[in-house]
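Chemist: Sequence isn't available, so here's the structure alone:
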């Protein structure tokens, strides 16, 4: 079942790259594993600390995936 989820998510990311919606240099396999790792970590985190609601976890993970870690003004473009 986990391999099926991996294939689905990786397929979505690859389609996003082809459509120009995601970075052309995105490593879709690595991104897939990172997303699944975050989701698996949420299971352990939820309820273990005060204030960890599903909404908070979803919001923070969404921001991490879509915005990264550094502010937009200091983000560097990758040279390649």
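Modeler: Yep, it's here. What you are looking at is a predicted structure, and each value in this text was computed from that prediction instead of being measured. Numbering: from 1, shown residues only.

Chemist: Assign residue 49 to helix, strand or coil.
Modeler: Secondary structure state of residue 49, per DSSP: H, G, I helix; E, B strand; the rest coil, is coil.

Chemist: Quick one: neighbours of it, just the number.
Modeler: Each residue near residue 49 was counted by other C-beta atoms under 10 Å, and the total is 7. For every residue, glycine as well, the C-beta is placed using N, CA and C.

Chemist: pLDDT value on it, please?
Modeler: We have a pLDDT of 81 for residue 49.

Chemist: if I look at it, how far off is residue 56?
Modeler: Separation of residue 49 from residue 56 (C-beta to C-beta, to the nearest Å) stands at 10 Å.

Chemist: What of residue 22?
Modeler: The spacing between residue 22 and residue 56, counted by C-beta to C-beta, is 25 Å.

Chemist: so after the host helix or strand of residue 44, what's the next helix or strand?
Modeler: Taking DSSP states H and E as the criterion, residue 44 maps to helix 28-45. Once helix 28-45 ends, the next helix or strand along the chain (criterion: DSSP H and E) is helix 54-67.
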